[in-house]
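Peer 1: Here is my input, please return the structure:
(chains A and B)
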Amino acid sequence: MLVAGSTVFAQKNLVLNGGFENELEGWVDYSAKVTPYMYSAGKMSAALFSSDSSKWMGMHQVVSLPKNTQYILMSAKIKADGVSTGKNAWNGALFLFETLNKQEAKIGEGINIASVTGDEDWKLYEKAYIIPPGVTKIKLLFALGYVTGTMFVDEVSLKVITQSEFEKYL
Amino acid sequence: MMNGMVYRFFLIGLSLLTTVVNAQQMAATEIVLNQCGYYPKLEKSAVLLHPVSESKFELLSMPGRKAVYTGILSEPKTTGYSKITTRIADFSTFDQPGEYIIRVAGVPDSPVFKIADGVHHDLALAALKAFYYQRASSTLDVNYAGKWNRAAGHPDTSVYIHPSAASKNLKVDSKINVSGGWYDAGDYNKYVVNSGISTSTLLSAYEDFSEYFLGQEVHIPNAKNKVPDVLTEAVYNLRWMLKMQDPGDGGVYHKCTNLDFDAMVMPDKALSKRYVVAKGTAATLNLAAVAAQAYRIFKHFPEQYPGLADSCLLASRNAWRWALNNPNVAYDQDVLNKTYDLKVTTGAYGDKDFEDEWIWASAELLASTGEQVYFDAFFARLNAPVSLPSWSNVGILGYYTLIRCEGQLPERYKSVSSILKKKILTLADRYLTAFKTGPYHTVIGASLYDFAWGSNSSAMNQSILLINAYLFSKKDAYLDAAVSNLDYVLGKNATGYSFVTGIGYKSPLHPHHRLSFADGIVEPIPGLLVGGPNREKQDGLKYESEPELSYLDDVKSYASNEIAINWNAPLVYVANAMEYLEKGKK
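Peer 2: Model prediction:
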């Protein structure tokens, strides 16, 4: 997991409505809401709330990668309010991704970028990743994974980057 | 290699046998240092193991005891995991060859040590020759082995197929020839996964320093054919590994073994039935990797080894194909023993995660063939973190290879090496910090977790990583950090032991090693690196409580005093690399 100051690359953000300015357009939502009362940029963010630690409350978006993509940078800003700890160390306010093939079948296990508990102000989480052969899509997921509390999400981004940009994250 | 509960029974027997051996721990001197000495142009430091009020130290030349250098001791350093406080006497800036002692008021003088070129020459030869002494199925001739000459044991020309290894073509109790190879450790069994990293480390030493090895003579039997001794010795095990492959399908048997460990007897007296046991993905990918690397090297020796290179490449490709069809065949000895009547209790070397083996094998095959399929397999795993190698964690060996062979790679694949270098430098820089701040002015010992089973091999593998970082970055600090761990295994540690048999004035006399125990010779076979301090103390013996002191020079101490081929191989690499590289520092 990489936590860094904002690094701006010129490439296009492949996430649709990553700032939630168009409510939840582009997102598959199980329980998310948008809110104008809390945001990192623009005028809105997405909020996930849970009072039941036996549940997975989340949203996701599948992003198609341009052909021959080799390196990507995924990032999002997250704010946590009163997020409890769960039974497992990874439980928390989660930012993760899965790699998918052309048929949108999952390849391998999901990879965690952030797992936040307690209270935390807006913070940027980033992950530079090498796209293995056969992977054509990335599924970005945000969830309260078996915990209670509130999670805010904003400025979600997935960009194709160059190898030299990727190496800055090693 | 010894591990697990099965040794409880074994140790009872061993205690009865060791009537003569009374392994007395030798107390450490107060000033510990590299007992082989120091290179003039590289890092040089000794460690005071007790706090003193004095802040100065002096170097006195010998035999005249004339003060030639005065330095300031470091502030007292604590480990964070033990009660030991150290002070460092760093005399790196003093570069005059000679013999010296270190004097600090209030403590006994240090032993005499050297500053000279070639201080690790004898070690470099001995560590490599130790593999000759480990040869299975061979008579060791007095002309080469000296007083450690012995009759051949374990011919392994007619080894049984264990039920777990049976196939359509080879039924249970049929026999195959898997002669040769090295005994793995203190025992007389032969394990492919541990052979893999060991053989490859010797081959890598040659690939990195071929010019140096071409001129080296280790005094082992060779055909006077201009093949470097390091390759002659590596071929001895390589040929065994090739025999462990089922020619019918390309799969590789996990090990050649007895059902139980042999008694503490010489090899020719150890007559238990031998078996090859279960094929597995890890063993098969190990052969794929080593054979691909061997192809790259031995194609330059067609007259001396006709056909060997091509055979290796074919074996490697066949192994790769088997692994693709059998990507998750783990060796699980517990399951095996529940499944079959013939129980196997020798070293398991079980491994369930094969991603690192895929990384290594794909890298070796890519370096040797330049083919896209291997690049894709390697690239697919480039996100995986890499760490210090061990028999069960071999991914970074592939990184070393692709960096080493960058110049020979097809253009389209070359750019990936900058990612590999960056990942290696991240680890190297961490080691550099440990070296600069650590309580022993070594990389090893910065963390409590350094003191695990085979800790000395971790020290040597850290040095290999640092040497690789030096080779592509040319940053001298990495070389200083690398040599600091050689200082460590040669005496600059809390125990004051040089952990290599026959090297230094205080070295192990009672390694957990059947050959050294049973031969009736007082001195153990020389050039063997023992495991070293191990805070886990799995053998249940009584050790000092401090992690860095949890070492016993006792034949029963398999947790700290066994030897193993995968521990000696990185010693060979480091000692020889330093002998070569220090010459460039003049």
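
Peer 1: for residue 93, phi and psi?
Peer 2: Here I'm looking at chain A. phi -80, psi 110 (degrees, to the nearest 10).

Peer 1: That was the other one, I meant chain B.
Peer 2: phi -80, psi -10.

Peer 1: Please report how far it lies from B:Lys41.
Peer 2: 11 Å (C-beta to C-beta, to the nearest Å). Any C-beta I mention is one placed from the backbone N, CA and C, and that applies to glycine too.

Peer 1: For residue 51, which non-adjacent residue is closest in space?
Peer 2: By default, I'm working from chain A. A:Thr148 (5.5 Å; C-beta to C-beta, 6 or more residues apart in numbering or on different chains).

Peer 1: You answered for a different chain; I wanted chain B.
Peer 2: In space, B:Pro51 is closest to B:Thr85, 4.8 Å off (C-beta to C-beta, 6+ apart).

Peer 1: Surely the one you found is in contact with B:His50?
Peer 2: Yes - here B:Thr85 reaches B:His50: they are 7.4 Å apart, a contact under C-beta atoms under 8 Å.

Peer 1: overlap in contacts of these two?
Peer 2: By C-beta atoms under 8 Å, 6 or more residues apart in numbering or on different chains, B:Thr85 and B:His50 have no common neighbours.

Peer 1: Contact partners for B:Leu529?
Peer 2: Applying C-beta under 8 Å, 6+ apart, the residues contacting B:Leu529 are B:Ala127, B:Asn456, B:Ser457, B:Met460, B:Val489, B:Phe499, B:Val500, B:Ile563, B:Trp567, B:Asn568, B:Leu571.

Peer 1: OK, contacts around the third one?
Peer 2: Translated: B:Ser457. B:Ser457 touches B:Ser390, B:Leu529, B:Gly531, B:Ala564, B:Asn566, B:Trp567, B:Pro570, B:Leu571, counting by C-beta under 8 Å, 6+ apart.

Peer 1: Now the buried members of these.
Peer 2: B:Ser390, B:Leu529, B:Gly531, B:Ala564, B:Asn566, B:Trp567, B:Pro570, B:Leu571 (16 or more other C-beta atoms under 10 Å in any protein chain shown).

Peer 1: Against A:Leu141, how distant is the residue of chain B found nearest chain A?
Peer 2: Chain B approaches chain A most closely through B:Ala380 (3.7 Å), counting by C-beta to the nearest C-beta. Using C-beta to C-beta, B:Ala380 is found at 22 Å from A:Leu141.

Peer 1: Equivalent analysis for B:Thr433, please.
Peer 2: 36 Å.

Peer 1: Between those two, tell me which one has more neighbours.
Peer 2: Each of B:Thr433 and A:Leu141 has its neighbours counted (other C-beta atoms under 10 Å in any protein chain shown); A:Leu141 has more, 20 against 13.

Peer 1: With adjacent residues omitted, what lies nearest to the more buried one?
Peer 2: Going by C-beta to C-beta, 6+ apart, A:Leu141 has A:His60 as its nearest residue, at 4.3 Å.

Peer 1: The one you found pairs with what?
Peer 2: On the basis of DSSP bridges, A:His60 takes part in beta bridges with A:Val28, A:Leu141.

Peer 1: can you tell me how far it sits from chain B?
Peer 2: Distance from A:His60 to chain B, counting by C-beta to the nearest C-beta, to the nearest Å: 20 Å.

Peer 1: residue contacts, that residue?
Peer 2: A:Trp27, A:Val28, A:Lys139, A:Leu140, A:Leu141, A:Phe142.

Peer 1: These, buried ones only, as a PyMOL selection?
Peer 2: To isolate the buried members of the contacts of A:His60 in PyMOL, using 16+ other C-beta under 10 Å:
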select buried, chain A and resi 27+139+140+141+142
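
Peer 1: Make a markdown table out of the contacts of A:His60 and add pLDDT.
Peer 2: Formatted as a markdown table, the contacts of A:His60 follow (pLDDT from 0 to 100):
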| residue | pLDDT |
| --- | --- |
| A:Trp27 | 97 |
| A:Val28 | 96 |
| A:Lys139 | 98 |
| A:Leu140 | 98 |
| A:Leu141 | 98 |
| A:Phe142 | 98 |
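
Peer 1: about what we covered before: residues touching the spatially closest residue to the residue of chain B closest to chain A that is not a sequence neighbour, list them.
Peer 2: Using C-beta to C-beta, 6+ apart and skipping the chain neighbours, the partner closest in space to B:Ala380 is A:Pro132 (3.7 Å). By C-beta under 8 Å, 6+ apart, the residues touching A:Pro132 are A:Thr99, A:Ile107, B:Phe379, B:Ala380, B:Arg381, B:Leu382, B:Asn383.

Peer 1: change it to 7 Å
Peer 2: A:Thr99, B:Phe379, B:Ala380 (C-beta atoms under 7 Å, 6 or more residues apart in numbering or on different chains).

Peer 1: per-residue confidence for it?
Peer 2: At A:Pro132, the model reports a pLDDT of 94.

Peer 1: so it is in which element?
Peer 2: A:Pro132 is located outside every helix and strand, with elements delineated by DSSP states H and E.

Peer 1: out of everything not next to it in sequence, what's closest to B:Gln245?
Peer 2: Per C-beta to C-beta, 6+ apart, closest to B:Gln245 is B:Val252, 5.0 Å.

Peer 1: Counting neighbours, what do you get for that neighbour?
Peer 2: For B:Val252, the count of nearby residues is 31 (other C-beta under 10 Å).

Peer 1: Check B:Gly215 too.
Peer 2: 7.

Peer 1: just to revisit the earlier point, does the residue of chain B closest to chain A touch A:Pro133 like I think?
Peer 2: Yes - with contacts defined as C-beta atoms under 7 Å, B:Ala380 counts as touching A:Pro133 at a distance of 5.5 Å.

Peer 1: Kindly give the local confidence score, pLDDT, for the closest residue to B:Ser164 other than its chain neighbours.
Peer 2: Leaving aside its chain neighbours, B:Ser164 sits nearest to B:Ala278 (4.0 Å; criterion: C-beta to C-beta, 6+ apart). Per-residue pLDDT puts B:Ala278 at 98.

Peer 1: cool, and B:Tyr400?
Peer 2: Confidence for B:Tyr400, expressed as pLDDT, is 98.

Peer 1: State whether it is indeed within a helix.
Peer 2: Yes - the assignment for B:Tyr400 is a helix, going by DSSP: H, G, I helix; E, B strand; the rest coil.

Peer 1: quick one: it and B:Leu203 touch, right?
Peer 2: No - with contact defined as C-beta under 7 Å, B:Tyr400 does not reach B:Leu203; the gap is 11.1 Å.

Peer 1: ok, A:Gln11 - contacts?
Peer 2: A:Lys159, A:Val160, A:Ile161.

Peer 1: Can you select the buried ones from those residues in ChimeraX?
Peer 2: Selection of buried members from the contacts of A:Gln11 for ChimeraX, criterion 16+ other C-beta under 10 Å:
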select /A:159,160,161
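
Peer 1: which one of the contacts of A:Gln11 is nearest B:Glu579?
Peer 2: Taking C-beta to C-beta as the measure, B:Glu579 lies nearest A:Ile161 of those, at 43.3 Å.

Peer 1: now the closest one: how far from chain B?
Peer 2: From A:Ile161 across to chain B, the span is 13 Å (C-beta to the nearest C-beta).
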